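**Q** one predicted model, sequence on top.
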Amino acid sequence: MTITHMLFGIEGRIRRSEYWACILASGGAFFVAILLVGFIANQVGELSDAMKVANGIFWLVVFGAYQWISICVQAKRCHDRDKSGWFQLIGFIPFIGGIWLLIELGFLDGTQGENRFGPSPKGISNVSDAFA
């Protein structure tokens with residue numbers, strides 16, 4: 001799986017380690033962008049109207065990319081758990097939804113062997129191979 005498909009495609013399955021690597025790397029990049037733009041804005045001082053518009057467009061693109069990457073990576077992780085990518089919507093349930101999603105995608109093992117979303121990312125061909 002290419003890095004482009006990993007970050008921007010919703011098909012396939014990924015392991016927990018790949019999930020955490022993508023989530024932490026994209027979150028770190030977003031945090032660095034916040035610090036960088038804050039530093040630049042602090043150095044420039046008062047922004048012109050054109051700079052304010054450019055800043056708004058920049059943040060729409062950065063935040064949109066961050067959200068899309070999160071959706072794609074979580075969809076592939078849902079697939080590894082043999083759930084539809086739509087399962088992510090459970091995160092909208094107040095209080096429990098985010099915790100449930102964190103446990104399902106971040107801590108529980110994926111389906112052993114092939115499932116309806118493709119082959120195992122661990123290279124396990126069937127359930128009996130998982131315990132060999």
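**A** Done, it's in.
**Q** spatially central residue for this structure, please.
**A** Nearest to the mean C-alpha position of the chain, counting by Cα atoms, centre = their mean, stands residue 70 at 2.6 Å.
**Q** how about the biggest helix by length in the chain: buried residues?
**A** Ordering each helix of the chain by length in residues (DSSP state H) puts helix 49-80 first. By neighbour count, with 16 or more other Cβ atoms under 10 Å as the criterion, the buried positions of helix 49-80 are 65, 69, 70, 72, 73, 74, 75, 76, 77, 78, 79, 80. Any C-beta I mention is one placed from the backbone N, CA and C, and that applies to glycine too.
**Q** show me what that helix is packed against.
**A** With contacts defined as 3 or more Cβ pairs under 8 Å, 6 or more residues apart in numbering; DSSP states H and E, the secondary structure elements packing on helix 49-80 are helix 3-8, helix 16-44, helix 96-106.
**Q** could you list the low-confidence segments of the chain?
**A** Where the chain drops to pLDDT under 70, the residues are 126-132.
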